[in-house]
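Trainee: everything below, folded, please.
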Amino acid sequence: MCVNRSFEPIRVGVLTDEPISRLGFASIFEEPPGKGCAQLSPVFGQREELLSDATLRFLIVDLQPLPTALEVLKTIRYKRPQIRLIVIGPEGDDNLVMKSIMAGARAYVDRKADTQTVRQALDAVIEGSIWAPRPLLSKLIDHLLGASDTSLTNAPPHLTDRERQVLDLILKARSNREIASQLGIEERTVKAHVGRLMRKTGTNNRIDLSMRALNHTLLPRADIDDGRY
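Mentor: So this is what the prediction gives:
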C-alpha cells in the first residue's frame, strides 16, 4: 500500500552509462501504479545533471559500469544528503551490499533481478523502507549497534584545522593532487595528513575514513551536509 497518495508523478533519476541498461530501467516504469499510488517517471542523465535537479528525491544508481562505485555513492550523499538511493550492482558481493547501504543506499538489488523486483525495491524506498537481502540487513543492524556502542565510550579524535580541510575535500572525492592544488601545499604533505587521519580514526583506507565522517563522528553535520560543490 502506498503512503504517497499524491497523483503528481514522482520523478526518479536513473544514473547509468550503458544504453542497454537504459532500456531495462525504462521498462521498470512501464508498470501502471497501484491504487492510490503516484505514477513514476524516469529521468535519465549524467551524474552532475541529475544531482543539480532539486526536484529529484529518488535516484537509481547502476554500479556495474562505474570503476569507483563507493566513491560515487559517497559523492552523491555529500552533494545531496536527502536524496534516496536505489543501487543496482553485482550479485553475491555481500561486502559491497553492506558498504553501499552504509554509504547511504536505501536499497540494493543485483543486476540479475527481474524488473518486478526492482520496482518493488523502488516502491519500498519511496514508502520509506530499506530493501536488501534479509540476512544482510541483520548483519548491518549488528554492525551499527556495535558502532554505536563504541561511539559511547570513545571520544572523537582531535583533528587539526588542516586535517579537517583535507577530510572535507576527501568527502568531495578529490584526489591527493587536487587537494594539494586547492590548499596550496605539496602532494606529499597531503599524503601525510591522510595517513595521520587514518591513524587517528583507526581506519584502513579512504572509503572507511569517509564513511566514519559521513556518519557524523568526525565532522559536524554542517561541515558535510551544506550542499557545497
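Trainee: low-scoring stretches of the chain, by residue?
Mentor: 1-7, 20, 33-37, 64-67, 133-156, 173, 207-208, 211, 214-229 (pLDDT under 70).
Trainee: so which residues of it form helices?
Mentor: For the chain, the helices defined by DSSP state H cover 19-28, 47-51, 69-79, 94-102, 115-126, 134-153, 161-170, 176-183, 187-201, 206-214, 221-224.
Trainee: now do the first one and helix 115-126, the angle between them.
Mentor: Helix 19-28 and helix 115-126 are oriented at 70 degrees to each other (axes from the mean of the first three to the mean of the last three Cα atoms, to 10 degrees).
Trainee: for helix 19-28, output the C-alpha coordinates as PDB.
Mentor: The C-alpha trace of helix 19-28 is given here as PDB (Å, rounded to 0.1, in the frame of the first residue of the first chain):
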ATOM      1  CA  PRO A  19      22.400   2.100 -23.400                       C
ATOM      2  CA  ILE A  20      21.200  -1.500 -22.900                       C
ATOM      3  CA  SER A  21      20.700  -0.800 -19.200                       C
ATOM      4  CA  ARG A  22      18.700   2.300 -20.000                       C
ATOM      5  CA  LEU A  23      16.200   0.100 -21.900                       C
ATOM      6  CA  GLY A  24      15.900  -2.300 -19.000                       C
ATOM      7  CA  PHE A  25      15.400   0.500 -16.500                       C
ATOM      8  CA  ALA A  26      12.800   2.200 -18.700                       C
ATOM      9  CA  SER A  27      10.700  -1.000 -18.600                       C
ATOM     10  CA  ILE A  28      10.500  -0.700 -14.800                       C
END
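Trainee: what's the burial count for the nearest residue to Val194 once chain neighbours are set aside?
Mentor: Nearest residue to Val194, sequence neighbours excluded (Cβ to Cβ, 6 or more residues apart in numbering): Val166, at 6.5 Å. Where C-beta positions appear, they are placed from N, C-alpha and C, glycine not excepted. A count of nearby residues for Val166, using other Cβ atoms under 10 Å, gives 27.
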